[in-house]
Each structure stands twice: as C-alpha cells, then as structure tokens.
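**Q** predicted model follows, preceded by the sequence.
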Amino acid sequence: MAGKAHHNTLMPVIVSKLYCASSQVVLVVRRRPLVVNGGGFVVTDCSQRVVFRVDGCGVLGTKGELVLRDGNGDALLLIRRKGGMVEALSINKKWKGYTFDYEGSQKLVFTLKEPRSSCLARNNAISISTEPNKGSSNFEIKGYFPDRNCSIIDSIGNIVAQIGVKEEVEALMTSKDFYHVVVKPGIDQAFLFGVIAVLDYIYGESTRC
C-alpha cells in the first residue's frame, strides 16, 4: 500500500483520474494499417478493448499535430509542436499537450523537449515537464524508443512506465507494429500515451507523414 501511495503523491492527475488505475496495467499498442501515411495507433487492454486512439497527421491533415482520443473517440489531448521563429532560434523543439475543458477551451498540461536531430541517440534522455497547477512534476525518457526498449522515469528515478516487446510476440514478428506498455499503479495513462504519441512522431513512425 505504501508503494501505491508513494506513486500517487509523486504524480498527480494530469489528464483525468479515470485513467489512473489502482494496480499495474499492461496495455498493447498496435499501429493502424497504413491506409494513409501518419495514420496513428490504437491502445488496447488485456480484454482487447480500445482504451486510447492516437490520430496522426495523415488523419488530421496537419503536420506537427496529434490528438489522443478515448475509446469512444472523444478528444482527450491535443498535442502540437511549437513552430515559427521561436523554434528556429531554440536548441530544442518543444511539444505541448493541451486538455479541453467543458467549454472546449485548451489548457496546457505538459511540455516535452525534443532533442535536435543530431542528438536522437540511444543514450540521450528526453525531458518532460507538467504545468505548476498539475504538481509541476518532471519526467525523463531513458532508453531508445525505436528499439521498443525505454522507460518513463519520474524526478526521483522511479520507473512509471516501461515500453517493450514481449518475447513471445517478438519471436513472431520482425516489425515494431505491436508493443506493450507496463504502467505502474496510480499513473495517469492518458498523459503517458500522449508522451508516447510524441515519441512515435519524433522517430518518424506511425503518426508522421
């Protein structure tokens, strides 16, 4: 019980408490068939129920923009890469994730700093920060996403989510179209998959045109 409370205090609700489970959860990510480039991916639980869907630029028609939806198709997060002169002058490109309130207004909840393309190395951590009203937590992504071997780690070094491929699945496939994410108790799954959507785009995978 102490461990669960520990994680809850470290990571407050960022998107919705509906996506904070009381026990560890394993979710499966499946890339959409590439009917259109940048189609995105689908996230399912152990019962093969769709929990999240991510629309990429092939669906939205806009580069540098992603939408995380719930299982019913309702938008939970709008994620945009900051552009213009600010980006040109910045060392790091920034992605910003916004939730929607009941009136449809956007509210910034997290920022992810994308390393320069020359820094997309296996040993280079990517940093994420949440907004002060969300507890101002900081996270890092360690490992290499294209290898399906990376972790999302909180500010004191706890792994809050682990991205990988199960051995029995890996033996049956050569592509990276299926992988799993182990999410620790009390962690906001919608926030995590917003972050994973950005990683997918950065590394030129299913959400990018």
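**A** Happy to help now that I have it. Since we're looking at a predicted model, the values are computed, not measured. Numbering: from 1, shown residues only.
**Q** in this structure, what spans have low per-residue confidence?
**A** For the chain, the stretches with pLDDT under 70 are 1-12, 33-37, 83-92, 102, 104, 115-124, 132-136, 166-176.
**Q** what about the longest helix in it?
**A** helix 189-202 (DSSP state H).
**Q** output that one as PDB - backbone C-alpha positions only.
**A** Provided in PDB are the C-alpha atoms of helix 189-202 (Å, rounded to 0.1, in the frame of the first residue of the first chain):
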ATOM      1  CA  GLN A 189      -2.300   6.600 -18.600                       C
ATOM      2  CA  ALA A 190      -3.700   9.300 -20.800                       C
ATOM      3  CA  PHE A 191      -0.600  11.500 -20.100                       C
ATOM      4  CA  LEU A 192       1.700   8.600 -20.800                       C
ATOM      5  CA  PHE A 193       0.200   7.800 -24.200                       C
ATOM      6  CA  GLY A 194       0.300  11.500 -25.100                       C
ATOM      7  CA  VAL A 195       4.000  11.300 -24.500                       C
ATOM      8  CA  ILE A 196       4.300   8.000 -26.400                       C
ATOM      9  CA  ALA A 197       2.500   9.700 -29.300                       C
ATOM     10  CA  VAL A 198       5.100  12.400 -29.400                       C
ATOM     11  CA  LEU A 199       7.900   9.800 -29.400                       C
ATOM     12  CA  ASP A 200       6.200   8.000 -32.300                       C
ATOM     13  CA  TYR A 201       6.200  11.200 -34.300                       C
ATOM     14  CA  ILE A 202       9.800  12.300 -33.400                       C
END
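**Q** just give me how far it sits from the chain centre.
**A** Helix 189-202 sits 2 Å away from the centroid of its parent chain (Cα atoms, centre = their mean, to the nearest Å).
**Q** show me where this protein has its strands.
**A** With DSSP state E as the criterion, the chain has strands at 25-31, 41-44, 50-55, 65-70, 75-81, 93-100, 106-114, 126-130, 138-144, 149-154, 159-164, 178-183.
**Q** now those strands as JSON lines including mean neighbour count and distance to Cys209?
**A** The C-beta positions use only the backbone N, C-alpha and C, and glycine is treated the same way. Converted to JSON lines, those look like this (neighbours: other Cβ atoms under 10 Å; distance: least, Cβ to Cβ, whole Å):
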{"stretch": "strand 25-31", "mean neighbour count": "18", "distance to Cys209": "14"}
{"stretch": "strand 41-44", "mean neighbour count": "20", "distance to Cys209": "14"}
{"stretch": "strand 50-55", "mean neighbour count": "22", "distance to Cys209": "12"}
{"stretch": "strand 65-70", "mean neighbour count": "21", "distance to Cys209": "11"}
{"stretch": "strand 75-81", "mean neighbour count": "19", "distance to Cys209": "13"}
{"stretch": "strand 93-100", "mean neighbour count": "20", "distance to Cys209": "16"}
{"stretch": "strand 106-114", "mean neighbour count": "18", "distance to Cys209": "17"}
{"stretch": "strand 126-130", "mean neighbour count": "19", "distance to Cys209": "22"}
{"stretch": "strand 138-144", "mean neighbour count": "17", "distance to Cys209": "23"}
{"stretch": "strand 149-154", "mean neighbour count": "19", "distance to Cys209": "24"}
{"stretch": "strand 159-164", "mean neighbour count": "19", "distance to Cys209": "23"}
{"stretch": "strand 178-183", "mean neighbour count": "19", "distance to Cys209": "21"}
